[in-house]
Each structure stands twice: as C-alpha cells, then as structure tokens.
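Undergrad: Here is a sequence together with a model predicted from it:
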Amino acid sequence: MGLKQKLHTLKEKYKGKKMAPAFNALHTFLYLPNETTHSGSHVRAADDLKRTMNTVIMALLPCLVFGIYNAGYQHYLATGEIEAAAGFFSGEFWSFQNFAMGAWTVLPLVIVSYGVGLAVEFLFAVIKGHEVEEGYLVTGMLVPLIVPVDIPLWMLAVAVIFGVVIGKEVFGGTGMNILNPALTIRAFLFFAYPTWMSGDKVWVHGAVERAKEIAAGSNADAISGETILGSYAQNQDVLYSLQDMFLGFIPGSVGETSKLLIIFGALFLIFTKVGSWRIIFSTLIGALAMGLIFNGVVEMGWINEGSKFYGLMTVPFWQHLIIGSILFGAVYMATDPVTASQTNKGKWIYGFLIGFISILIRVFNPAYPEGVFLAILLMNVFAPTIDHYVLQGNIKRRMKRLKVKTA
Amino acid sequence: MGLLSKKDSKLILDPLADNNPITIQVLGICSALAITAQLKPSVVMAISVVFVLGVGNVVISLMRNIIPSKIRIIVQLIVVATLVIIVDQVLKAFAYELSKELSVFIGLIITNCIIMGRFEAFALGNGPWRSFLDGIGNAAGYGVILIIVGFFRELLGSGTLFGFKVLGDPVEKSGLYAIGYENNGFMVLPPMALIVVGLIIWVQRSRNKELIEEN
C-alpha cells in the first residue's frame, strides 16, 4: 500500500472527526486534490488552485536558486575570498562553495517560512473544521525571497504567524484576504525590527557577526554591503555597474536581485496566463512616469544639489526598474489575483498607481529606502474601490446607450 | 455581593465584559490607541476616566430634573470640562512628567464618547447611586481594555512594565536579550494598538458566541 493510499484510508477513517482536515490537508498537499476550487474570488478555469500556485512557484524557482548562489557569492566577495564575477556564467559566481554557503543561509529561511506558515494553516483548518487551503504555498516561497539573508529565524517565524493570522485568516482564509500575506509579513518585519531590515549590514551574510566581533575588539576588516538604494539615499557613490544590477550580482533581499531571471519568470507567468500582463506593464509604466517627472524636476533646475533627494532624483528614469525591487514586486506581488483589481481597466489603474507611488516613496522617504511593498499594500486596500468605480462607470455608459436607443 | 443588589452589581459588571464600551460598543477608541504604548499612562488614563465618569454621572443625575432638555448637551459639557480640568491640575501638581506625557489626551477626555454617552443614556434617567455605579462600571470597562493593551504594548514593544526592565537590558544584553531577543518596534506604533484591540475583540467573541453580530 503506497503512502497515498494509506493517507486516503486514514482520511476516510477520520471523516467527520476533528482531525479530518489535517489528514486531508496532508493528502492534498502531497498529491492531487479530490476536488477543484469552487468558491472564493479566484480566477475560475479548468485548472485547480494548486495548479495556479505551482505555476507561480515554478516561476519563482530560478530566483530562489540565484538567490542561494548570490548569498554565498556576496559573503565570499565581502570577505575578499573571491574576485568579482565577470559575466552571467562566470565560474566565480556559480561555484559549489557559493552554493553551499548560500544554501546554509537561505534554506533555513525557506524551511521556517513553510514550517510555521503551514502549521498555522493546519491549526486553523482543524479549529474551524474546513479543508486546508493551498494559499500558503506561494506565500511560503515568496517570504524567504523578500527578506535579508541574515534575518534571525525567530523574527521570521513571529512575522509569518502575524502575517498568516492577521493578514489572511481573520478575513476568512485564502481568497478572502485584502492584503497580500507575503507583504504583510515583510511590513511587519520592517516596522517591528527595522535594524534587521535596512542598513548596510543585513544584506550580506556574516556582516552583522563581523560588526559584533569588531565591537568586541577583534581587528578583522568590517564587512558591509549597502544596497544601491541605500547608497543613493545617503548620496553616496554607487559601486555597482548597470550590468551587475541587471544580472543581480548585488546585495539585496534574497530573491529580488536578478532582474534577468525575474523577466524570465514574468514571461513564463504571462505565457501561462497566470500573471496579468496588464498589471505588470502598468506598474512599470507608472514607475517610469514617476521617474520621468523627477528627471524633469532636475532638468528644470527646481531642486538644488544640496537637497537630500537630489541623488535619487537624478537617477535616469529607466534605471529605476533595475535598482531596488520594483520588478520583483510588479511581477510576483502586484499580480496576486486575490488582492489585485479584477476588472481589466481597474488593473491598469491599480498597476500604474503601484509603480507611481513606489518611486515616490523611494525618492522622498529616506527612512524607507524601498517603497514597493508599501505601495502594493496601499493599492491592495484600494483595489476593490477601483473595481467599484470601473463597474459603475461601465453601468452608467450602458444605461446611457440604452436611453439613446429607446428615445 | 451583599453590598449591592443583583440589579446594581450588574451595572458595574456588565460593562467590564459583555457590554464593554471599547470592545462591544466600540467607543473611546482614539484614546485607547493614542496613549497605550506604555502601561503607566494607560493606568493614569483609566483612573482619570473612572473619576470623571463616576463623579460626572452623579452630578448630572442630581441635576437631571432641573436641566432644560434643549441645553442639556451644554450643561453636560460644562460638567465634564470642570472635572477634566480638576484632573489636569492634579496631574500637573503631583505628576508633572506624566501629565507632559499624556499631554493633550487628558483634555480630550471631554470628547470621549463614552462619557457623553453615559450622561445621555443613563445619568439623565436614573438616580445618583445607580448613576454612580454605572459610571464606575463603564469607566472601569474602558480602563481594563486600556491596561490590557498597555501591558502587551509595553512588554513586547519596550521590554518593560511601568518602566521596569522585566525582560533584561537591551543595551547590556542581559536577560532575554542575551539570547538574541529584540523588542518589537511595531508594538510602539499606534496601528498595533488597533490590532491588539482587534485581537481582544476576537478572543472575547469566540468565548461568548452571543456577542457575534449578525450581518
């Protein structure tokens, strides 16, 4: 008797009892579900919810693998043990040493994210007596990709509990949430433990440890890895080339550095029709528009060089797309079908405002070097309002047409 | 309770739980969010409101038959303003630091919906003794929530209670901080107060299903 069969008999045996959802959950998680999705505000298609989720995870995997290598690469680069990588296929980057170090730091994040998140989901399924929902599969993969490598695991665990309970379960579980759970988790971390979410130490594995050793009297060299936005916000010189930024050989949250792989993921999502191309493109257009406005302000001479916003305002508008996490946010976060606008016209407005506000926060608020997650959370809240007015506008237009015809 | 009749003790006990002004009637939220980052101001605020609402209810109740109904709101405002000024002056005289910390929020007790609500809904139609109990009960119900929220926000946000470092010293890395614990900065920010109040409402309603509104 295979494991699947065994689980099935267990499930039948416990049918109607308290633990039934837990067995059912395990069964659904490991194998094909017995039923397809029939409720909740998901896109209804022949695929079930899990298929959709798996597609997103497949699109995320390249980012995770790259993130693992990059975590090791940044560490050894900062300690001076390896040279900077020359091209995308550089042996300095894709070495086993980098992979081992990266896996040692990144995989615990993945394990904690999935372990804690699924435990909370199972708990709620058992208490409320409903089927477990697969909603956490994607969130659990997104979370380790949007945090710094050196974030303490217990903080991540607390944040995951908060995000899943307050961000999702209180609203009724998967498909009912207003806010994107992964971003809720990041927002919680950001406001609760700001020292672990920004600055020049947390993005490179080992930098915090090294700083402590130096404070304790060791005479080793300090390691630091300032993100590009961090450097800009402090009007420092940026040490990385455009090529590095595009390929992702830079410090940053685990999965968001490689713009090249994110673009591949985006094409995959658009091709499989899982992600909305309208949202992705309108977000990028919004970001470019805001960047152009800032470039214009500098061009017109309305801001002098002494201003603390000057550094970020002079960034050429198209470069905003390859620094920071706007691309990652646009492709994997803004397109979440539950929290985004549902109407086509609404998606354009929703995405445009995300990009627009992201760059606005990025430039004008040095305390928040990256504003993408705040912009997406804000627009999550407004998405139903946008849909409402799009629908009302449509109804009004049709009523008018009706009147013209009957008159 | 021997001292109070059953009906009277209900006046005090009801607002503490099943008819709590904050979690059930959802009144007085603003001050609950603003001053609960620390336990001490929460307690002082609770005591102040108990005083203002207890005395105010008695005063209004004693005057209830001579207040012309057209100007009753103005009369109520004068009563509550007088009491609030007394509280404010006492705090300034005996606890100046604390009154600085609470700043405008003591003055804003005047606009606390719970106080005007109890004057209108209870003191205008009941005798002084029962009004007094009602005032104490409602203010205590408000204070209990304030103190619970203040307790969690100060403990998790600053690692202290009443200013005592109960979890160890974050700078010298003693106690819990020695093993890597850190204060949750989010707890100090007002949005977290809203979430904590929400969690209290959640716990209360899941324990007593009758409180869940139908919609």
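TA: Nice, I can see it.

Undergrad: What residues sit buried inside the longest helix belonging to chain A?
TA: When chain A is parsed with DSSP state H, its longest helix is helix A:372-406. Within helix A:372-406, the residues that qualify as buried are A:372-380, A:383, A:386-387, A:390, counting by 16 or more other Cβ atoms under 10 Å in any protein chain shown. Placement of C-beta: from N, CA and C, glycine included.

Undergrad: ok, those vs A:Ile293, which is closest?
TA: For the buried residues of helix A:372-406, the residue nearest A:Ile293 by Cβ to Cβ is A:Ala375; the value is 15.5 Å.

Undergrad: distance of that closest one from A:Ile127?
TA: 34 Å (Cβ to Cβ, to the nearest Å).

Undergrad: give me the number of residues near the closest residue to B:Asn57 other than its chain neighbours?
TA: Leaving out its chain neighbours, the residue that sits closest to B:Asn57 by Cβ to Cβ, 6 or more residues apart in numbering or on different chains is B:Gly135, at 3.3 Å. B:Gly135 has 32 neighbours, counted by other Cβ atoms under 10 Å in any protein chain shown.

Undergrad: any low-confidence regions in the stretch 251-400 of chain A?
TA: The model of the stretch 251-400 of chain A has pLDDT under 70 over residues A:366.

Undergrad: For chain B, give me its nearest residue in it.
TA: Residue nearest to chain B within the stretch 251-400 of chain A (Cβ to the nearest Cβ): A:Leu377, separated by 11.9 Å.

Undergrad: Return the set of buried residues in the helix or strand where B:Val84 lies.
TA: Per DSSP states H and E, B:Val84 falls inside helix B:72-94. Judged by neighbour count (16+ other Cβ under 10 Å), helix B:72-94 contains these buried residues: B:72, B:75-76, B:79-80, B:83-84, B:87-88, B:91.

Undergrad: Report how many residues lie close to the closest residue to chain B within chain A.
TA: Using Cβ to the nearest Cβ, the single residue of chain A nearest to chain B is A:Ala192, 3.8 Å away. Other residues lying near A:Ala192 total 24 when counted by other Cβ under 10 Å.

Undergrad: about what we covered before: wait, the residue of the stretch 251-400 of chain A closest to chain B sits on A:Leu183?
TA: Yes. Between A:Leu377 and A:Leu183 there is a contact under Cβ atoms under 8 Å: 5.3 Å.

Undergrad: Who are the contact partners of the residue lying closest to B:Ser158 once chain neighbours are set aside?
TA: In space, and not counting its chain neighbours, B:Ser158 is closest to B:Asn183: 6.0 Å by Cβ to Cβ, 6+ apart. By Cβ atoms under 8 Å, 6 or more residues apart in numbering or on different chains, the contact list for B:Asn183 reads B:156-159, B:170.

Undergrad: Which residues of chain B lie near chain A?
TA: Contacts of chain B with chain A, taken as Cβ under 8 Å from any Cβ of the partner chain, map to B:180, B:182, B:184-187, B:189, B:195, B:198, B:202.

Undergrad: Those residues of chain A touching chain B, which are they?
TA: So far as Cβ under 8 Å from any Cβ goes, chain A lies against chain B at A:152, A:154-155, A:158, A:166, A:170, A:188, A:191-196.

Undergrad: Show me those residues that map onto strands.
TA: Judged by DSSP state E, strands contain none of the residues of chain A next to chain B.

Undergrad: what about burial for these, which qualify?
TA: Neighbour-count burial (16+ other Cβ under 10 Å) applied to the residues of chain A next to chain B gives A:155, A:158, A:166, A:188, A:191-193, A:196.

Undergrad: Alright, that wraps it up for me.
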